[in-house]
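Novice: can you look at this prediction? I've put the sequence above it.
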Amino acid sequence: MHMYDVATRLLGGYAIVGGQLPLAVGAALAIDYRGGDDVVICQMGEGTTNIGAFHESLNIAALWNLPIVFLVINNQTGMGTTVEKSSAEPDLWKRASSYRMRGERVDGTDVLAVRDMASELIETARREGKPALLEAVSYRLKGHSVVDPAKYRTSETVSVVRENDPVVLWRAALVEAGVLTEDSAAAMEREISAEVVAAVEFAESSPHPEPASLFDFNYATPVAGDSRRLPADPLFTH
Ligand SMILES: Cc1ncc(C[n+]2csc(CCOP(=O)(O)OP(=O)(O)O)c2C)c(N)n1
């Protein structure tokens with residue numbers, strides 16, 4: 001969730017539901033202001049479409065013709081609540097019409113369908129400055145977090161969905177098309193597992209950061225009066 005990488009142009013994952021939306025609109029405004037043909041993709045879960053920042057962000061993006069595609073991954077459950085129980089309009093792609101924005105829904109388990117529709121919307125955002133909303137319908141394979149036993153659904157449902165996971169389907173399609181063989185696909189999986197294990201080992205063997213470093217990079221440039229007070233520090237220093 002807390003990854004950020006300028007090199008790969010990932011502008012971060014944010015712990016606050018909807019916190020990414022105004023930032024993404026700001027990035028799209030920067031692109032529009034500076035010129036160039038970049039486009040922002042702003043990803044969120046379906047639970048995020050009920051928070052105020054969602055509506056404020058879509059409104060501004062549409063009013064100002066910003067190059068941004070809002071991508072809603074509708075995995076049908078926000079924490080433990082289904083989209084039907086939390087959204088008065090569960091056809092989330094329709095929400096775009098409130099802002100005279102194009103809204104589309106695709107099968108999120110179909111890799112090519114997502115690629116094709118996303119490409120079309122990205123091109124329109126880039127060429128015409130028209131933002132769009134893309135809803136990719138999927139399903140959540142695991143509980144919300146390690147403390148969620150996901151008792152709100154049956155294991156039968158999950159196992160059916162697991163068989164239709166996009167990674168599983170896409171692997172099978174590539175093997176059938178002769179792009180991969182069973183052996184090369186298995187080798188790739190082993191390679192990826194090894195990379196993940198190495199990353200976990202690196203993280204676990206790395207030292208914990210110093211508490212004082214909590215404030216590093218809060219601002220891009222020095223800011224006068226920027227407080228660096230930690231919880232146990234005195235309120236005033238003389
Ligand atoms: C403003 C805010 N309210 C509540 C939470 C607690 N919270 C974390 S994730 C989540 C559900 C988000 O649902 P969704 O966007 O569908 O994401 P998913 O569950 O699919 O990851 C909630 C309510 C939060 N992080 N921020």
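Specialist: Thanks, I have it. Small disclaimer: the values here were computed from a predicted structure and weren't measured.
Novice: for the rest of this, base every contact and every neighbour count on C-alpha atoms.
Specialist: Will do.
Novice: from residue 45, how far off is residue 131?
Specialist: In this view, residue 131 and residue 45 are 18 Å apart by Cα to Cα, to the nearest Å.
Novice: higher neighbour count, those two?
Specialist: residue 131 (31 against 18; other Cα atoms under 10 Å).
Novice: and that one, backbone torsions?
Specialist: Per-residue torsions, residue 131: phi -70, psi 170 (degrees, to the nearest 10).
Novice: contacts only, for the nearest residue to residue 77 once chain neighbours are set aside.
Specialist: In space, residue 77 comes closest to residue 83 once its chain neighbours are excluded; the distance is 5.8 Å by Cα to Cα, 6 or more residues apart in numbering. Neighbouring residues of residue 83 by Cα atoms under 8 Å, 6 or more residues apart in numbering: 46-47, 76-77, 90.
Novice: filter the residues you listed down to just the ones in strands.
Specialist: Per DSSP state E, strands hold the following members of the contacts of residue 83: residue 77.
Novice: filter the contacts of residue 83 by proximity to the ligand?
Specialist: By Cα under 6 Å from any ligand atom, the members of those lying near the ligand are 46-47, 77.
Novice: before we move on, the earlier item: farthest pair in the contacts of residue 83?
Specialist: 77 and 90 (11.4 Å; Cα to Cα).
Novice: tell me which of those two has more neighbours.
Specialist: Each of residue 77 and residue 90 has its neighbours counted (other Cα under 10 Å); residue 77 has more, 21 against 17.
Novice: okay, buried residues for the top helix by length along the chain please.
Specialist: Secondary structure of the chain per DSSP state H: the longest helix is helix 182-205. For helix 182-205, a neighbour-count test (16 or more other Cα atoms under 10 Å) marks residue 185 as buried.
Novice: quick one: mean pLDDT for that helix?
Specialist: Averaged over helix 182-205, pLDDT sits at 97.
Novice: please apply the same query to stretch 14-22.
Specialist: Mean predicted confidence for stretch 14-22 is 94.
Novice: next: stretch 68-82.
Specialist: If you average the pLDDT over stretch 68-82, you get 95.
Novice: other residues contacting that stretch?
Specialist: Residues contacting stretch 68-82 (Cα under 8 Å, 6+ apart): 24-25, 28, 39-47, 61, 83, 108, 121-122, 125, 130-140, 143-144, 150, 152.
Novice: residue 231 and residue 168, how far apart?
Specialist: The gap separating residue 231 from residue 168 is 47 Å, by Cα to Cα.
Novice: more neighbours, the two?
Specialist: Neighbour count, other Cα under 10 Å: between residue 231 and residue 168, residue 168 has more, with 12 against 7.
Novice: tell me the confidence at that one?
Specialist: Note on residue 168: pLDDT of 93.
Novice: so where does it fall, helix or strand?
Specialist: Using DSSP states H and E, residue 168 maps to helix 166-176.
Novice: chain center to that helix, what's the gap?
Specialist: Mean-position distance between helix 166-176 and its chain equals 23 Å (Cα atoms, centre = their mean, to the nearest Å).
Novice: quick one: the helices in the protein?
Specialist: Using DSSP H, helices in the chain cover 20-34, 52-63, 83-86, 111-128, 155-163, 166-176, 182-205.
Novice: now tell me which helix or strand of this protein has the poorest mean pLDDT.
Specialist: Least confident element among the helices and strands of the chain, by mean pLDDT, DSSP states H and E: helix 155-163 (a mean of 89).
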